[in-house]
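fold the following.
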Amino acid sequence: MPVFYVTQLILPEAILDEDESRHLVRVLRLKKDDPVDLVDGAGNLYKCAVAEADPRKTRLRILQTFREHLARDYHLHIAIAPTKSSDRFEWFLEKSTEIGIDEITPVFCQRSERDRIRQDRSEKIILAAMKQSGRAYLPKLNPMIPFKELLERVEAEYKYIAHCGTRTEDLAEIPASSKLSWLVLIGPEGDFTPDELKMATGLNYIELSLGEAVYRTETAGILACQQIRFLNMGL
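All right, here's what the predicted structure looks like:
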């Protein structure tokens, strides 16, 4: 079933923007009364039928509403150093959205290889991944922030900093509790510096291991998403 994202919703109808309308009409060649799914990024899934197939302003008729579609009982925030290759960072954005994530913050560390991201392009990748995976919650992509500022500004009930050192806790062994917030920091390819680890642990971040192997930055981010998902399943 084709999935579209809505920005204008006036029950019992929804109006697609020009990009979504063009895709519906020109690419998928949908017509009046064809069934489609619609998400609003706030957790709502709508079963719809095309009311007017206009390439500039398509109208949809809402037939059924599902609230809190694929909702989770926890909030996951990953702060990650963007990789030197933008493709690898964008892969992380796509796959973490498909797995399930609530918030992403690009962070600039002492050993970072990239000091900026393409915000608009990154948000489009996240939106496309949300629609492709059938999710209804749109993850928030924060602007890039320096490491020290992140530590001072962002709070969560579970705060972890993942790194390659030996004095770390294994995420797979942590007892999870539902309806809690998780924040996991993922460093650049050269890992966090000793000073950064000292700053984080001084603010009650727990040093974390994601496994025995040494992972690429984007792989570590995906592992954190998946392991926290498994920890919270069945709660």
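
CA only for contacts and neighbour counts going forward, please
Fine.

for A200, which non-adjacent residue is closest in space?
L151 (6.7 Å; CA to CA, 6 or more residues apart in numbering).

also L93?
Using CA to CA, 6+ apart, the nearest residue to L93 is I126, at 6.1 Å.

three-state assignment of the one you found?
helix (DSSP: H, G, I helix; E, B strand; the rest coil).

for it, give its distance to V27.
I126 sits 21 Å away from V27, going by CA to CA, to the nearest Å.

between those two, who's got more neighbours?
Just comparing I126 and V27: by other CA atoms under 10 Å the higher neighbour count belongs to I126, 24 against 9.

ok now do the more buried one, which residues does it touch?
Neighbour list for I126: L93, E94, T97, L138, P139 [criterion: CA atoms under 8 Å, 6 or more residues apart in numbering].

hmm, back to that, where does the residue nearest to A200 fall, secondary structure wise?
helix 147-153 (DSSP states H and E).

likewise A224?
Assigned by DSSP H and E, A224 falls in helix 217-232.

average pLDDT for that helix?
Mean per-residue pLDDT for helix 217-232: 90.

same for that helix, what does it pack against?
strand 75-80, helix 86-99, strand 181-186 (3 or more CA pairs under 8 Å, 6 or more residues apart in numbering; DSSP states H and E).

of the ones you listed, which is nearest N44?
When the helices and strands packed on helix 217-232 are compared by CA to CA, helix 86-99 sits nearest N44, at 16.2 Å.

pipe the contacts of I126 into CSV and attach pLDDT, distance to I62 and neighbour count per row.
Below are the contacts of I126 laid out as CSV (pLDDT from 0 to 100; distance: CA to CA, whole Å; neighbours: other CA atoms under 10 Å):
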residue, pLDDT, distance to I62, neighbour count
L93, 98, 30, 24
E94, 98, 28, 22
T97, 97, 26, 28
L138, 97, 20, 24
P139, 98, 24, 22
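
report how many residues lie close to L28.
Neighbours of L28 (other CA under 10 Å): 10.

likewise for L63?
Quick note: L63 (other CA under 10 Å) scores 12 neighbours.

thinking again about what came up before, residues near the residue nearest to A200, how many?
19.

and it, how far from S86?
24 Å.

was I right about I104 contacting H75?
No. The criterion here is CA atoms under 8 Å, and I104 misses it with H75 at 11.2 Å.

what about the two, which has more around it?
I104 (22 against 17).

mind listing what the helix or strand where that one lies pairs with, with the direction of each?
For I104, the host element (DSSP H and E) is strand 103-108. Note on strand 103-108: by DSSP bridges, its sheet partners are strand 75-80 (parallel), strand 140-141 (parallel), strand 145-146 (parallel).

return the distance of it from the chain's centre.
10 Å (CA atoms, centre = their mean, to the nearest Å).

now the angle from it to strand 181-186?
30 degrees (axes from the mean of the first three to the mean of the last three CA atoms, to 10 degrees).
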